[in-house]
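Participant: Fold the following, please.
(2 chains)
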Amino acid sequence: MLQVARWRVILVLVVTLLGIVFATPNLLPESTRNQLPSFLQKTINLGLDLRGGSQLLLEVDVATLRRSQVENIQDQLIRALREAEPTIRTARASLEGDVARVRLVNVADIARARPIMREVGRTQTTAGGDVLEFTEAADGLVEARMTEAHLRELSRQAAQQSIEVIRRRIDPDGTAEVSISRQGDDRIAVQAPGVSDPEQLRSRIGQTAVMTFHMVREVSPEDQAAGRIPAGAMVVQPYPGIGDSPDVVARRPEFTGERLTSASPSTDQNGAFVLAFRLDGEGSSLFCRITQRYTGQRFAILLDNQVLTAPTINEPICGGSGQISGNFTAESANELAVMLRAGALPAPLTVIEQRSVTAELGQAAIDAGTKSTFIAFGLVLLFMVLAYGLLFGGISVVALVVNGILIMAIMTITGAALTLPGVAGLILTLAVALDANVLIYERMREEARAGRQPALAIEAGFNRAMLTIFDANITHLGAAFIMLNLAPPGPVKGFAWTLLIGVFTSVFTAVLITQVLVAWWYRTFRPKKLPIS
Amino acid sequence: MWPLIKLLPEKTNFKYVAVAPFLCVISLLACLASIYLTVVPFTPPCGGLNCGVDFKGGSMIEISTAPQSVDQNALRSLNDIGLGEVQVQGFTDPTAAMVKYETPENMSSDEAQAIMRAAITERLGEGVHFGRADVVGAKVSGELFLLGAAALGAGITLMLLYIWFRFGFTFGAAAVTALAHDVILTFGLFAVFQMEFTLVAVGSILTIIGYSINDKIVVLDRVRENLRKYKRMPMKELIDLSVNETLSRTIITGVTGLMALGVMAYYGGEALFAFAVSMFFGIVVGTYSSIYIAAPMLTVLGVGRRDNFQTSEDKKKNKPKGDEVYSHP
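Facilitator: Numbering: from 1, shown residues only, chains lettered A, B, ... in the order given. Okay, here's the model as predicted:
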């Protein structure tokens, strides 16, 4: 043990040096830092609560949401009538504002139609109360108006769902601790640390990838060019670089990408790149039904309302998975897959405000926190010197300081955001690192008291304490790993991340550095007695 | 005199196990009280805890004092107007700021807003303009909170499994029981003093778990070592011996931690106060539970010494009992 292998000494020196190199830029003023080579310009990415960042205020596009909801209700009403009472003949009436309108061809059918339509109102998702108000005109026109309460609930739900989607888009790893909260009924505030330019944030949120499946309405190219398209249909352009030609499709999608559980690039039997996707349970039965009903017809897969591909349905697809072919390259297939996985926003969002914000805590609070942390750290170092003397105390001071430097360096390199819960994780690892030193020293003292020679006492001290230190750190490592993998983005994850880094630096400094220094001291001075026994 | 470590007595002979039953009853009562205070009233997600805007959501209002900068210090005393812990956040434009506050249950949001406006006007003078006012959703949605708690639970389970694997089931059960005790009492601390339960409080509870498990491993590891060393010593004596042997380490590590957190509580300002105080409490409770709950529990649960702590190597060597019998790793 006292013959420390040369590679260990070199490892300690190299790692410490690298740590100093990468940690130093954090302490330099910005003007000096800008003159360094670019890989050294990185500093610790402080979280929003410590530094501030950019804020965006988004609003759910309620008009679009209402319109799609109204179309949806109109469809449901007509479908319900057709299924329950096929003899009632209906016609679509033009939509108007928040009102879904259905015309009964024969006014006398109204008595039979009424209960069926009421039932549709009851199946809408809102807790309590009727969500549709019906008015019947003498000429057979039935209007279903959504109540204000229901519309508010819809936009609130849309905002809530959007929060999760936005989180996946701008913080897929969950370590940057973006703060996303709902404001009012239909607004979302996004605060991102480390993003000095709100525009950057905006463009990342704006990368919508709404995948929709529509039936193709076959229209001759001449009619299409002349703008003669059937009611309820629209002309869609090919997706840039991937789709082939414009198409005319039903305005209403058969279903949307929300049902997607995974999307990944893949290759087909000819080696061409395709986009493979899987659907959730409801999605696959829906897809199965649609492909059964429309076998032989074409359907179009749209991404952001642009055609990716419009294949013919050759046979019902009921397995819940499929492939989309198009003129994909490896990159474009991969990029699309990522955008699809991030999920679709339930409704378009408009940015109503963007600006930079300061730290949540306020500068005074951060200054006080920093000051007290330095005082506490200094006091701990002083106490170690007082308790174990200049030599052994000094060695643990070196170990702790190098530990701090290494943590700073790794945080800088990885770019993970340091937040208040993260600071808590750091304090924990420093405490555990200090404890490792104490364990080693106390063990040496015990061995020395049991009558062992200094060399043996030192060796036994390290060996026995190692077991305890190993067990303690393995538990921390496992817990940190689990939390990193399972925890949603937020405080638990920020904590776990610093804990994970700290476990490695602590074992490295408290064990390896202490060992190298103690061995070096022993071989140089050959003491007869340990100064701490 | 120096180093100070020499002041600690070389050998102590305190009896810990003898008082453990008495202390365990007190701990159990304290835990029950803590659980009661934490969950009653049954209003998710906070129960008896004083959750802040982070968990419950609240309201916000934008203010502007253009052309002067907002005097953030003058807004600090807003905490006393009964709208919870008020957060003031600035923008890069120093003449504007955003104030977040809670809406108490017995008040409509309009009433709360009127109080807030009056209080701000009183502190910043008539020149203050009020901008957008809105309801803020919780930063931690219920779903995220539950997932976070589940991740934490999985982390603790993994610790139990690891200690079980390394030390045997009894040790794992003892450690996790004592750990649960520490966490429950910390929640109790937040409930009793109605300390604001924020994201930082979550961080402090995680830290307490980490510190506490470290402390338990140190004590239990020594018990395991002594079980191999003194094969015939009665369990009670053996535990007392183990705790006494690790006492100087417990004191040094504990004192260092308490000292650092004391400084943080004193100088750290409001932001760190709750964290430092709860951590201080956590270290005291964590150290206490290692000595008086985890270790004595081994006598109750019973340790199968023959099976667990006589390795095949030990049997082969068949060494006589005594101080010299411990094996290097």
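
Participant: contacts, neighbours, all on C-alpha from now
Facilitator: Fine.

Participant: element containing the closest residue to residue B:293 other than its chain neighbours, please.
Facilitator: For residue B:293, ignoring the flanking residues on the chain, the nearest one in space by Cα to Cα, 6 or more residues apart in numbering or on different chains is residue B:178 at 5.9 Å. Residue B:178 is part of helix B:169-192 when elements are defined by DSSP states H and E.

Participant: hang on, the earlier thing: so for the residue nearest to residue B:293, what's the pLDDT?
Facilitator: In this model, residue B:178 is scored at 94, pLDDT.

Participant: ditto for residue A:130
Facilitator: Each residue has a pLDDT score; the one for residue A:130 is 64.

Participant: And residue A:22, by the same measure?
Facilitator: At residue A:22, the model reports a pLDDT of 91.

Participant: didn't it look like it was pressed against residue A:37?
Facilitator: No: taking contacts as Cα atoms under 8 Å, residue A:22 lies outside contact range of residue A:37: 11.6 Å.

Participant: Specify which residue of the two has the higher count of neighbours.
Facilitator: Using other Cα atoms under 10 Å in any protein chain shown as the criterion, residue A:22 and residue A:37 rank with residue A:22 on top: 22 against 8.

Participant: Now for the more buried one: which residues touch it?
Facilitator: By Cα atoms under 8 Å, 6 or more residues apart in numbering or on different chains, residue A:22 lies in contact with A:40, A:408, A:409, A:410, A:412, A:413.

Participant: do the same with residue A:442
Facilitator: Counted by Cα under 8 Å, 6+ apart, residue A:442 has contacts A:461, B:248, B:249.

Participant: so what's the last one up against?
Facilitator: It refers to residue B:249. Contacts of residue B:249 (Cα under 8 Å, 6+ apart): A:435, A:438, A:439, A:442.

Participant: Could you do the second one as well?
Facilitator: Applying Cα under 8 Å, 6+ apart, one finds that residue B:248 lies in contact with A:442, B:8.

Participant: and the helix or strand it falls within, which residues are buried?
Facilitator: Remark: residue B:248 resides in helix B:247-267, with elements defined by DSSP H and E. Buried residues in helix B:247-267, counted by 16 or more other Cα atoms under 10 Å in any protein chain shown: B:247-250, B:252-265, B:267.

Participant: For residue B:133, name its beta-bridge partners.
Facilitator: Beta-bridge pairing of residue B:133 under DSSP bridges involves residue B:61.

Participant: what about the closest residue to residue A:422 other than its chain neighbours, is that helix, strand or coil?
Facilitator: Of all residues not flanking residue A:422 in the chain, residue A:495 sits nearest, at 4.3 Å (Cα to Cα, 6+ apart). Secondary structure, DSSP: H, G, I helix; E, B strand; the rest coil: residue A:495 is helix.

Participant: quick one, strands of the stretch 1-150 of chain B?
Facilitator: Along the stretch 1-150 of chain B, the segments classed as strands by DSSP state E, counting those that start in this stretch run B:50-51, B:58-64, B:87-90, B:96-101, B:129-136.

Participant: Would you format those as CSV with mean pLDDT included?
Facilitator: CSV is the format used below for those (pLDDT from 0 to 100):
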stretch, mean pLDDT
strand B:50-51, 80
strand B:58-64, 83
strand B:87-90, 78
strand B:96-101, 83
strand B:129-136, 77
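
Participant: Redo those as a markdown table? Include mean neighbour count.
Facilitator: Below are the strands of the stretch 1-150 of chain B laid out as a markdown table (neighbours: other Cα atoms under 10 Å in any protein chain shown):
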| stretch | mean neighbour count |
| --- | --- |
| strand B:50-51 | 22 |
| strand B:58-64 | 21 |
| strand B:87-90 | 22 |
| strand B:96-101 | 23 |
| strand B:129-136 | 16 |
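
Participant: what does the domain assignment say about the chain?
Facilitator: Reading this off chain A. Chain A resolves into domains spanning A:6-50+A:358-525, A:63-141, A:210-325 when parsed by the TED database.

Participant: wait, I meant chain B there
Facilitator: Taking the TED database as the reference, chain B has its domains at B:8-42+B:141-301, B:58-136.

Participant: hey, which of these is tucked in deepest?
Facilitator: Compared across these, domain B:8-42+B:141-301 shows the largest average neighbour count, a mean of 20 (mean count of other Cα atoms under 10 Å in any protein chain shown).

Participant: how much space between the residue nearest to residue B:293 and chain A?
Facilitator: Taking Cα to the nearest Cα, to the nearest Å as the measure, residue B:178 falls 16 Å from chain A.

Participant: surely that residue meets residue B:289?
Facilitator: Yes: applying Cα under 8 Å, one finds residue B:178 in contact with residue B:289, separated by 5.6 Å.

Participant: Grab the nearest non-local neighbour of residue B:72.
Facilitator: Distance criterion Cα to Cα, 6+ apart; nearest residue to residue B:72, sequence neighbours excluded, is residue B:88 at 7.4 Å.

Participant: Helices of chain B, residue ranges please.
Facilitator: Shown for chain B, the helices assigned by DSSP state H span residues B:20-39, B:53-56, B:109-124, B:142-167, B:169-192, B:199-229, B:235-245, B:247-267, B:269-289, B:295-301, B:305-309, B:312-317.

Participant: hang on, residue B:289 packs against residue B:182?
Facilitator: Yes: counting by Cα under 8 Å, residue B:289 touches residue B:182, with 7.3 Å between them.

Participant: and the biggest helix by length in chain A, is it in reach of chain B?
Facilitator: Assignment by DSSP H gives helix A:363-414 as the longest helix of chain A. Yes: legend: contact between helix A:363-414 and chain B by Cα under 8 Å from any Cα of the partner chain is shown at A:365-366, A:368-373, A:375-377, A:379-380, A:383, A:385-389.

Participant: chain center to that helix: distance?
Facilitator: How far helix A:363-414 lies from its chain's middle: 33 Å, per Cα atoms, centre = their mean, to the nearest Å.

Participant: what residue ranges in the stretch 1-150 of chain B score low on pLDDT?
Facilitator: Scanning the stretch 1-150 of chain B for pLDDT under 70 picks out the ranges B:1-2, B:44-45, B:53-54, B:136-145, B:148.

Participant: ok, what's across the strand from whatever residue of the stretch 1-150 of chain A ends up closest to chain B?
Facilitator: Nearest residue of the stretch 1-150 of chain A to chain B, counting by Cα to the nearest Cα: residue A:52, 8.8 Å away. Beta-bridge pairing of residue A:52 under DSSP bridges involves residue A:358.

Participant: Let me know whether it touches residue A:193 as I believe.
Facilitator: Yes: using Cα under 8 Å, residue A:52 makes contact with residue A:193 at a distance of 5.8 Å.

Participant: Same list, the contacts of residue A:442, but as JSON lines with pLDDT and distance to residue A:147 please.
Facilitator: As requested, the contacts of residue A:442 are exported to JSON lines (pLDDT from 0 to 100; distance: Cα to Cα, whole Å):
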{"residue": "A:461", "pLDDT": "89", "distance to residue A:147": "76"}
{"residue": "B:248", "pLDDT": "91", "distance to residue A:147": "71"}
{"residue": "B:249", "pLDDT": "92", "distance to residue A:147": "69"}
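
Participant: Put the alpha carbons of stretch A:401-420 into PDB.
Facilitator: This file holds the C-alpha atoms of stretch A:401-420, laid out as PDB (Å, rounded to 0.1, in the frame of the first residue of the first chain):
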ATOM      1  CA  VAL A 401     -10.200  21.300  -2.500                       C
ATOM      2  CA  VAL A 402      -9.300  19.100  -5.400                       C
ATOM      3  CA  ASN A 403     -12.700  17.500  -5.000                       C
ATOM      4  CA  GLY A 404     -14.300  20.800  -5.300                       C
ATOM      5  CA  ILE A 405     -12.200  21.700  -8.400                       C
ATOM      6  CA  LEU A 406     -13.000  18.400 -10.100                       C
ATOM      7  CA  ILE A 407     -16.700  18.800  -9.500                       C
ATOM      8  CA  MET A 408     -16.600  22.300 -11.000                       C
ATOM      9  CA  ALA A 409     -14.600  21.000 -14.000                       C
ATOM     10  CA  ILE A 410     -17.000  18.100 -14.700                       C
ATOM     11  CA  MET A 411     -20.100  20.300 -14.300                       C
ATOM     12  CA  THR A 412     -18.400  22.700 -16.700                       C
ATOM     13  CA  ILE A 413     -17.600  20.000 -19.300                       C
ATOM     14  CA  THR A 414     -21.000  18.300 -19.200                       C
ATOM     15  CA  GLY A 415     -23.000  21.500 -19.200                       C
ATOM     16  CA  ALA A 416     -25.700  20.200 -16.900                       C
ATOM     17  CA  ALA A 417     -27.400  23.000 -15.100                       C
ATOM     18  CA  LEU A 418     -26.500  23.600 -11.500                       C
ATOM     19  CA  THR A 419     -29.600  24.500  -9.400                       C
ATOM     20  CA  LEU A 420     -30.300  24.800  -5.700                       C
END
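
Participant: Many thanks, I have nothing further to ask.
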